[in-house]
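S.K.: Quick one, structure for this:
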Amino acid sequence: MSYNTKTSKLQLTEPPKPICETGIATDSQHSPKTLWRRFTTKYSNANVSPQISQQQQNIPQSTPQKRYRNRDMIRNKLQSNYKVVEIIDPPINEISKNVEIISKNCKCCGILLEYPISVNQIKCLKCHTYHQIKLTNEYIHRQESIMKLPPLSYHFLKETIKSCEREISNDANINKKFLPVENMVSMCFSNHCLLNRSFIVDKTKKPSYNTPNLNFNEIKRFYALLDELPSKKPMFKLLVGALHALRHPPSVLDTLNFNWMLIILECPLLYRSLNGKNNLSAQFRGVSYDIIKRIFGFIAYLDPVTTQNLCHWWSRLPTKEFQKKVDIMNLYITFHLNRLYTHILLDKRGTNIPIYKTAENINYKDHIDVGLFEAMNNEHSLVNDLGLPLPGLQTSIKNKNKSQLKITITLYSEDWHLMTASKSMSYLFTANKKHRKISDSSFYNNLVDFVNVTQDFDVWQFNVNINKHENLSADNPEKLTKDMLVMQSKQTYLGVNLTEGGLYSRAQFTFCSFPFLISLGTKISILEHDAKRTMGRNAELAFISSFADRKLMDVHFNMRVRRSHITIDSLRKIQSHPNDVKKSLKVEFVDEPGIDAGGLKKEWFLLLTKELFDPSRGLFNFSSESGLAYFSINSIAQDELYFLVGVVVGMAIYNSTILDVKFCHALYNKMMGKNATLDDFIQLEPTTGVSLKKLLKMQNVESLYIYFNVTYKDMFGEVHQKDLIKNGSNILVTDDNKYDYVFKYYNFFLNDLVADQFGQFLSGFKLVMGSNALSLFTPDEIQLLLVGDNNEKSIDIDILKSITVYTNCSNDDTQVRWFWEYFGNLQISGQRKLLRFVTGSDRLPATGLLNLNFKITKINYEENTFSDRLPISHTCFNELCLFNWENKEKLYRKMDTAIYESNGFELK
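M.R.: Numbers count the residues shown, from 1 in each chain. Have a look, this model is predicted:
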């Protein structure tokens, strides 16, 4: 199959003699060779070729015979009647003016398409996808003829290549030598029906929830073999054919008609084309990009059943392959964020390029003036070619200039590329929840740090609220009216557009709708933004109320407690001032010196949690196996204390303070409204949990004589029995009901048995953390936020040195060098104690050591004199003050005394 440059038709030529599955050549009337010859003869002049742009192939593009040629008239018709649609078949002038207009969403970009009910084929003018509305006889006949062709396989390709090498002279042009291979892959990949039948594992089965029935190993070998050819044209023709199939998708895209897209997605060139460091030509990158954007578009708008099946298929991928899917989607998102940031820099330098001109062209940088681009590279390294974002990087980019240019909502709120890629990534994120193949941080895209995330959050929160108010508009129209006034006054900030009909169009895409893309550091900045805004608002209201009521009201939540009665004093203060918990917290210990600039607050949290979690109080039970804490069973009349624990946990997150608590993962899931799982129970009670998991894999469970009841001990050691279902003590667990038994068992301990305790805890937590910002976090991220990085490995001294800020000294100072030697000689427990002495917590920040603020100050009262004082810490500022000690041994003694014998703001 080759291009005729005069007619722009794809002429089919006979491929080499194929080999059937037995490996023996055949010439029967049903052989692959005969079928190919018949198809070639009948459709040698038909326009069955994939169409590519003139930029991708230096030949004129053919025009379908039935396409209406008067472009001006089409444009006028589109503006007056149809939305972003070009009528392909039949011509517009053959359509009645009074025909019924219907609408559907584009399968690729999701835009609403409106067109006459009588048309056969339309084209979306936004993503240039052709939609076959009605199956004409010609279309059906063409598909039936193609379906007679043999499907692709690795062996078919291998034998075709051997035939080319055997039958064609070595002196022949290398591209001509493998022309039959080009014909084969171009034809097969340009037709989704034919490709859908290729690389099948079991020909007697169809794709289902359990499996797509595809041999992915064979697909990889197929691509590898094709990529090894000395000629690159077969691979290029494969990509062009795949692009044609994606531009002309099937009328129904469901589980039975989706394998062809999975096969295309396995092409290794797609990944390489997005990687900044590749040696692919502009043509290869252009076609690959066009393929990728369409695949992500189709995946994003699959029907619910196919989406569920796809998530299940992905959840069963090997970890390496799963990570590769995440990487290619992240690279695609990275490309578009990089592109938008480039526009900001160009605008800043007075060069205005319309965004739509770069959205569809991966090679857009080739058209920017080299000198201008080099100047931008020198100023902003982001516009360099980017490889894959570091998957483990959890934090936002640190030490960035606060005046750093940011990507605003107006640049991406209508971007269908980011929308579809993010939605496709959400399916991978869902699939990952099942087997936890990779960490949540592997989904982060660190270029989102260059987005104005606080604006993005405000827009997202506004959209969430207005959607709620629209549903309740009949009962409470005032809120919706207020929303409309806000929309009008902050139209630009909220990314609101005014349509031609005078209607407001809200932002269609925000990154907060897909929070798994946002790094933990950036999420924390959003949470702090929301908390500071709430604190400021509450302080302002308190200030105004003090004038209105003529009484003094605190703008802070002042917590004055006795160290010896910290629990009861804290509870009384919170109960008497429940509306103040969202104010900025200030702590004062009775009869102790100190002004709270952050250190006293840390001390209050530390002491209070230590007392609340003391086993003697009976609030929490600590598993003897895992050492993790969960609510005690049958605790007596302690609802107030569970409420207090919830408030304290919420205030710790709200005030960015790390707590020394050991909650099990089930609690974090429940805090975030997620269901506790069997894996959560295994973490809390490993022996029992693993036994339950083994039970699910066993056969003939009846022989174990297990019944639907449980036996447990309460906090006083008293034994209780409970039926899991009605009359459960008489119902035997069988192979048929064992899944129900396992669920009832762990659900009883994680939920039913502690429902009252958790209810009080959650009420206290939500009193503080009722914000939408919290929903951006996963349970794992909330755990990091609350308890910090509890990595029990030793602290990396080199990293700690690199982030340390020195005052009145330097890293070459004698006392400073002695201190670092002392720190390096400490055991892990000693390092943690020193960290607590300086910062008020023995945990690292959730975003890691790199984001810890650590200061060392040297105090010299008199020059050339030695001090006998102990080191001082200012936990408010994470500052360690060293004195001028005469030798290393004295520094060691003073440091040991400080970190092992200090308590609060005085020595023991």
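S.K.: F296 versus the residue nearest the centre of the chain, what's the distance?
M.R.: Closest to where the C-alpha atoms of the chain average out (CA atoms, centre = their mean) is F516, at 2.9 Å. Distance from F516 to F296, counting by CB to CB, to the nearest Å: 16 Å. Quick note: C-beta positions are derived from backbone N, CA and C, even for glycine.
S.K.: now do V816
M.R.: Using CB to CB, we find V816 at a distance of 53 Å from F296.
S.K.: Equivalent analysis for F335, please.
M.R.: 12 Å.
S.K.: do H128 as well
M.R.: According to CB to CB, H128 and F296 sit 15 Å apart.
S.K.: now Y668
M.R.: Y668 is 31 Å from F296, where distance means CB to CB.
S.K.: Equivalent analysis for H192, please.
M.R.: 17 Å.
S.K.: and what of T129?
M.R.: Using CB to CB, T129 is found at 13 Å from F296.
S.K.: These two - which one has more neighbours?
M.R.: Neighbour count, other CB atoms under 10 Å: between T129 and F296, F296 has more, with 25 against 21.
S.K.: for whichever strand or helix holds the more buried one, packing partners?
M.R.: According to DSSP states H and E, F296 maps onto helix 282-300. Under the contact criterion of 3 or more CB pairs under 8 Å, 6 or more residues apart in numbering; DSSP states H and E, helix 282-300 touches helix 233-247, helix 259-265, helix 268-274, helix 319-348, helix 416-435.
S.K.: Same list, the ones you listed, but as TSV with distance to T839 please.
M.R.: TSV is the format used below for the helices and strands packed on helix 282-300 (distance: least, CB to CB, whole Å):
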stretch	distance to T839
helix 233-247	54
helix 259-265	47
helix 268-274	41
helix 319-348	33
helix 416-435	33
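S.K.: right, so the ones you listed: which one is the most enclosed?
M.R.: Among these, helix 233-247 has the highest mean neighbour count (mean count of other CB atoms under 10 Å), at a mean of 24.
S.K.: what angle do it and helix 282-300 make?
M.R.: 30 degrees (axes from the mean of the first three to the mean of the last three CA atoms, to 10 degrees).
S.K.: so I122 bridges to which residues?
M.R.: Beta-bridge partners of I122, counted by DSSP bridges, are I87, H131.
S.K.: Make sure it is actually in contact with V85.
M.R.: Yes: the pair I122 and V85 qualifies as a contact (CB atoms under 8 Å) at a distance of 5.1 Å.
S.K.: Now list whatever residues contact both of the two.
M.R.: By the contact definition CB atoms under 8 Å, 6 or more residues apart in numbering, I122 and V85 are jointly contacted by L113, Y115.
S.K.: so what's E588 closest to, chain neighbours aside?
M.R.: Using CB to CB, 6 or more residues apart in numbering and skipping the chain neighbours, the partner closest in space to E588 is R560 (4.6 Å).
S.K.: do the same with L239
M.R.: Nearest to L239 is V287, by CB to CB, 6+ apart, at 4.5 Å.
S.K.: Could you give the number of residues near that neighbour?
M.R.: Counted with other CB under 10 Å, residues neighbouring V287 total 28.
S.K.: same question, the one 10 residues further on
M.R.: Neighbour count for G297, taken as other CB under 10 Å: 25.
S.K.: measure it to V240 for me?
M.R.: If you measure G297 against V240 using CB to CB, the figure is 18 Å.
S.K.: Check S802 too.
M.R.: As judged by CB to CB, S802 and V240 stand 50 Å apart.
S.K.: just T255 next, same as before
M.R.: Using CB to CB, we find T255 at a distance of 27 Å from V240.
S.K.: What of N860?
M.R.: For N860, the distance to V240 equals 75 Å [CB to CB].
S.K.: Next: E144.
M.R.: From E144 to V240 the distance is 24 Å (CB to CB).
S.K.: Which stretches in the stretch 801-908 of the chain count as helices?
M.R.: All helices of the stretch 801-908 of the chain, identified by DSSP state H, counting those that start in this stretch, fall at 814-825, 828-839, 888-901.
S.K.: A helix includes Y115, no?
M.R.: No: assigned with DSSP: H, G, I helix; E, B strand; the rest coil, Y115 falls outside any helix and is strand.
S.K.: For beta bridges, what are the partners of it?
M.R.: Beta bridges link Y115 to I102, judged by DSSP bridges.
S.K.: just checking, it touches I133?
M.R.: Yes: under the criterion of CB under 8 Å, Y115 makes contact with I133 at 7.4 Å.
S.K.: who has more neighbours, these two?
M.R.: Y115 (23 against 19).
S.K.: tell me which helix or strand of the chain sits lowest on mean pLDDT?
M.R.: Least confident helix or strand of the chain, by mean pLDDT, DSSP states H and E, is strand 9-11 with a mean of 29.
S.K.: Would you map the helices across the stretch 401-550 of the chain?
M.R.: Under DSSP H, counting those that start in this stretch, the stretch 401-550 of the chain gives helices at 409-412, 416-435, 453-471, 477-489, 520-548.
S.K.: Specify the angle between the longest one and helix 453-471 in degrees.
M.R.: Here helix 520-548 points in a direction 70 degrees away from that of helix 453-471 (the same axes, to 10 degrees).
S.K.: Report the buried residues of helix 520-548.
M.R.: 520-527, 529-531, 534-535, 538-539, 542 (16 or more other CB atoms under 10 Å).
S.K.: Which neighbouring elements make contact with it?
M.R.: helix 453-471, helix 779-787.
S.K.: Could you tell me the least trusted of these?
M.R.: The stretch with the lowest mean pLDDT among the helices and strands packed on helix 520-548 is helix 453-471, at a mean of 87.
S.K.: What is the distance between that helix and the centre of its chain?
M.R.: Mean-position distance between helix 453-471 and its chain equals 20 Å (CA atoms, centre = their mean, to the nearest Å).
S.K.: buried sites along that helix?
M.R.: Neighbour-count burial for helix 453-471 [16+ other CB under 10 Å]: 453-463, 465-466, 469.
S.K.: same check, this time on stretch 647-663
M.R.: In stretch 647-663, counting by 16+ other CB under 10 Å, buried: 647-655, 657-663.
S.K.: The residues you listed in helices, which ones?
M.R.: Among the buried residues of stretch 647-663, the members found in helices (DSSP state H) are V647, V648, V649, G650, M651, A652, I653, Y654.
S.K.: With respect to A245, which of these is nearest?
M.R.: Using CB to CB, I653 is the member of these that lies nearest A245, at 49.4 Å.
S.K.: The closest one contacts L785, doesn't it?
M.R.: Yes: between I653 and L785 there is a contact under CB under 8 Å: 5.6 Å.
S.K.: Common neighbours of those two, please.
M.R.: Residues within reach of I653 and of L785 at once, by CB under 8 Å, 6+ apart, are L527.
S.K.: Give me the distance between the residue nearest to S841 when sequence neighbours are not counted and K601.
M.R.: In this structure, S841 finds its nearest non-sequential neighbour in I658, 4.4 Å apart by CB to CB, 6+ apart. Applying CB to CB, the value for I658 to K601 is 12 Å.
S.K.: now swap in G521 and tell me
M.R.: 22 Å.
S.K.: Flag the shaky bits of the stretch 451-600 of the chain, pLDDT-wise.
M.R.: 473-476, 500-502, 538-539, 542-543, 545-555, 594-598 (pLDDT under 70).
S.K.: give me that answer again for 90
M.R.: The stretch 451-600 of the chain contains residues with pLDDT under 90 at 462-507, 521, 524-525, 527-560, 563-564, 574-600.
S.K.: Likewise for the stretch 651-800 of the chain?
M.R.: For the stretch 651-800 of the chain, the stretches flagged by pLDDT under 90 are 651-662, 712-720, 767-772, 784-785, 787-799.
S.K.: Nearest to P304, out of the helices of the stretch 801-908 of the chain?
M.R.: P304 sits nearest to helix 828-839 of all these, at 48.4 Å, using CB to CB.
S.K.: how big is the angle separating that closest one from helix 888-901?
M.R.: Going by the same axes, to 10 degrees, helix 828-839 makes 80 degrees with helix 888-901.
S.K.: For helix 828-839, which outside residues touch it?
M.R.: Contacts for helix 828-839 (CB under 8 Å, 6+ apart): 602, 792-795, 823, 826, 841-844, 852, 854, 873, 875, 878-880, 895, 898-900, 902.
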